[in-house]
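*Asks:* here is a sequence together with a model predicted from it:
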Protein chains: 2
Amino acid sequence: MQILITGGAGFLGARLARQLLKRTTLADANGKQQLITQITLLDRVPAQGFDDPRIKVVTGDIADQKVINASLTAQTQSVFHLAAIVSGQAEADFELGMRINFDATRLILERARRNGNRPRVVFTSSVAVFGGELPAKVLDTTALTPQSSYGAQKVMGELLITDYSRKHFIDGRALRMPTVCVRPGVPNQAASSFASGIIREPLNGIEAVCPVAPETPMWLQSPRSAIDNLIHGHEIDGSNLGASRALNLPGLATSVNEMVAALTRVAGAAAAGRIRWQADPAIIRIVNSWPGDFAAARADLLGFKRDASFDDIIRAYIDDEMQGIVPG
Amino acid sequence: MQILITGGAGFLGARLARQLLKRTTLADANGKQQLITQITLLDRVPAQGFDDPRIKVVTGDIADQKVINASLTAQTQSVFHLAAIVSGQAEADFELGMRINFDATRLILERARRNGNRPRVVFTSSVAVFGGELPAKVLDTTALTPQSSYGAQKVMGELLITDYSRKHFIDGRALRMPTVCVRPGVPNQAASSFASGIIREPLNGIEAVCPVAPETPMWLQSPRSAIDNLIHGHEIDGSNLGASRALNLPGLATSVNEMVAALTRVAGAAAAGRIRWQADPAIIRIVNSWPGDFAAARADLLGFKRDASFDDIIRAYIDDEMQGIVPG
C-alpha cells in the first residue's frame, strides 16, 4: 500500500503521516485494509522529523508534471492532496493560486487517470467555497458562490474530483474542512490565520492581533479532528457520496468572542488580554464572506467527527504542542 | 466597437452576428452605446453567408493561444464566447471536452485579463450544470451538481467568469441557456439534439428518432429568444448580478409529449407520425439528469425574455427557416 501526501511537510500533512504510520493500514481500492509500505511526503520544502523506513521525502513543485509523474505512480493507491496556496495569498497572487490550487490538482488527477489504477484521492476543500448571500445555516444543498479566488479554485477542484470519480478515473472525495484551529507554529497568509494566532500567541505569552470583529462567526475543527476526518474520508465507501463527491465536514460553530471567553476560562484573563483588536479590511472581506454555521447532515450520517467545545480545542493544543503546560 | 464571437460559424453565432449588424450598436465597458465597427467570427470552419465589411472571418482552433491572441486584442470590447463541444461528445471524448469547453475558455479570459481593457464577456452556460437530486423546480439558489463532463466544464467556466469579474479583469456574464429548439440543419452530438430533430425532421417530411420517454420534461427556448437574451445579457449592468455572474435564463417548461402535441396542432398528425420512439440509454442518462423546470426569478427581474408556447416556437421555425410553408 503506497500513499502520496502532497503538502507533506506542512503541519497537517506531517501529522497525517504520523497517524498513518501508527495506524499501519489503510483501505485499498476494494475497501480492504492493506499494510502501508510507503508514504511519499511531497512538498516544496523537505518534510522533517521522520525516522521511519516507510517515509519517502520528495521535494519539488507540485505544479511540475515531472515531479507529479515521479511521485504518483501506478503503485500509488491513495493520494491525500493537501498542498495549497492559502486564501489570503491566492487572493493577492492570482496566478500563483491558479497554478497551485487548480493546475496542480488537475495534474494530479490527470496523472492518476493515466496510471489507470483508480486510486482513492482525498482532496481538502474549504468553507471558502461558500459566499455571497447565505442562509443562517449552510446546508449540504447550499449553492457555491465563492467570493475569493481561493474559494473558486477549490470549487473547480471539487468539480474535477466529482467528474473524475463519476468517470471511474479515480475514487475521489473532496472534504470541505472547517478552519483548523489551533495550528502550531507561526502565522501564515491564510485569511483565517488569526483564528489560531489569537489563541496560540497569548498562550505563549505573546501579543496577537485580531483583524476581525469580536462577533465574527467561526466554523472550526481541531487538528485532531481534522486528521481523524481526513482518514475517515479516505476509508468510507465513495459510492455512498452520491451525485457530488464534495462534503461539508462537521465543525464547531462559534465566534471570536466565544473563543476569547474560552481562552480566559482555560488560561486566564492575562492570556486573553494579549489580544489587540485592529481591523484589517482585506481579511474582514474574505472572512465575512464565509459562513459561520452549517448543518453537515451528510457528513454526520457518514460518521465524521466534530469537536465538543472550544475549551476542549484549546486544551488539546496545550496537551499536543505545549506538553500540557501553560507558562504563567 | 469591436466584438469577438467564438463559435461564429455556428447556427447561434451567425444568427447573433446578423442581429448585431442590424442593431448597429452595443454597450461599451461604460454602458454607452457605441457603433459596431467590427465583428470577428472565430470558428474551426469559416463562417459563411456574410457580405458586410464589418464582418471579419477567422478560422482556427480556439484552444490555440496564437489564435486567441490574434482574435482577441485590447481593441476588443465585447466577447460572446459560444464555442463548445456539445454534451454528448464531451462525455464520449473527455480530453476534447476539457480542451475546448474549459481550456479555451480560460485562454480567452487570460488573454482578456492581459489586454487590460476589461471587456464584457458573455459566456453560454447550460442547464447541464444541474443534476443529481433536484427540487421539482430549480431555483437561482439551487446547488450545482452536474452529472456530465460537459456540465462540470460549464460550471468551471462560470466560476472563472465570476472570479475574473470580481477581480475586475473582465465584466462577465454566464448565461445558462435552456435547450435551443428548433435548431435548423442536421442533428449534432448534443444529448439534446433530438429536441430539435423530432420537430424539424417531421416538418420536412423525414422520419426522426426520439431517444427519450414521452414524459421527459424539457426546458426550452426558441432561437429568437436565445439571441435576444444573449444580447440582453451583454447589455445589462454587470454589477446588478451580485455574488455570481451566472444566471438561469427563463425558458419554456414543457415535455416531449407536449412538444409532439404542439407539432400535431401546428403541422398535423402526419408530421407527428414521423417520430419513431427508440430508447437510447446514454442519452436518457444525460437528459434525465437535467432539470425540466426552473424559477428564473433573477433573470425575470433583469428583463430576460421567455417564449409563450411551444406552438409559437414551431411557428417561428416555420417562418424563419421554411419561408412560412410546411410541405404537405
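*Replies:* Cool, got the structure. Numbering: from 1, shown residues only, chains lettered A, B, ... in the order given.
*Asks:* tell me which element A:Ala70 is part of?
*Replies:* For A:Ala70, the element it lies in under DSSP states H and E is helix A:65-71.
*Asks:* list of residues touching that helix?
*Replies:* If you take C-beta atoms under 8 Å, 6 or more residues apart in numbering or on different chains as the criterion, helix A:65-71 is touched by A:4, A:6, A:40, A:42, A:58, A:60-62, A:104, A:107-108, A:111. Every residue, glycine included, has its C-beta placed from N, CA and C.
*Asks:* from the residues you listed, keep the buried residues only.
*Replies:* Those of these that meet the buried threshold are A:4, A:6, A:40, A:42, A:58, A:61-62, A:104, A:107-108, A:111, by 16 or more other C-beta atoms under 10 Å in any protein chain shown.
*Asks:* all strands for the stretch 151-300 of chain A, in order.
*Replies:* A:171-177, A:179-180, A:208-210, A:217-221, A:246-248, A:252-255, A:275-277 (DSSP state E, counting those that start in this stretch).
*Asks:* avg pLDDT for the helix of greatest length in chain A?
*Replies:* Assignment by DSSP state H gives helix A:149-166 as the longest helix of chain A. Averaged over helix A:149-166, pLDDT sits at 98.
*Asks:* which bits of chain A sit near chain B?
*Replies:* Counting by C-beta under 8 Å from any C-beta of the partner chain, chain A comes close to chain B at A:94, A:131-133, A:141-147, A:149, A:152, A:155-156, A:159-160, A:162-163, A:166-167, A:242-244.
*Asks:* repeat that for 7 Å
*Replies:* Neighbours of chain B within chain A, by C-beta under 7 Å from any C-beta of the partner chain: A:94, A:131-133, A:141-145, A:147, A:149, A:152, A:155-156, A:159, A:162-163, A:166-167, A:242-244.
*Asks:* only whichever of the residues you listed are buried, select them in PyMOL.
*Replies:* Command for PyMOL that selects the buried part of those, burial taken from 16+ other C-beta under 10 Å:
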select buried, chain A and resi 94+131+141+142+143+144+145+147+149+152+155+156+159+162+163+166+244
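*Asks:* before we move on, the earlier item: tell me which of the buried ones among the contacts of helix A:65-71 fall in helices.
*Replies:* Residues of the buried ones among the contacts of helix A:65-71 located in helices (DSSP H): A:104, A:107-108, A:111.
*Asks:* and which of those is nearest to A:Glu201?
*Replies:* Closest to A:Glu201 out of these is A:Ala104 (31.4 Å), distances taken as C-beta to C-beta.
*Asks:* check contacts around A:Ser255.
*Replies:* Applying C-beta atoms under 7 Å, 6 or more residues apart in numbering or on different chains to A:Ser255 gives the contacts A:215-218.
*Asks:* from the residues you listed, which is closest to chain B?
*Replies:* Comparing the contacts of A:Ser255 against chain B with C-beta to the nearest C-beta places A:Pro217 closest, at 18.0 Å.
*Asks:* so that closest one makes contact with A:Ser289?
*Replies:* No - if you go by C-beta atoms under 7 Å, A:Pro217 and A:Ser289 don't touch, sitting 11.9 Å apart.
*Asks:* so these two - more neighbours on which side?
*Replies:* Neighbours per residue (other C-beta atoms under 10 Å in any protein chain shown) separate A:Pro217 from A:Ser289, with A:Ser289 holding more: 20 against 17.
*Asks:* I'd say that one and A:Leu134 touch.
*Replies:* No - in this structure, A:Ser289 is not within contact of A:Leu134 by C-beta under 7 Å, at 8.7 Å.
*Asks:* domain assignment for chain A?
*Replies:* A:2-178+A:222-248, A:193-218+A:252-296+A:307-321 (automatic domain parsing).
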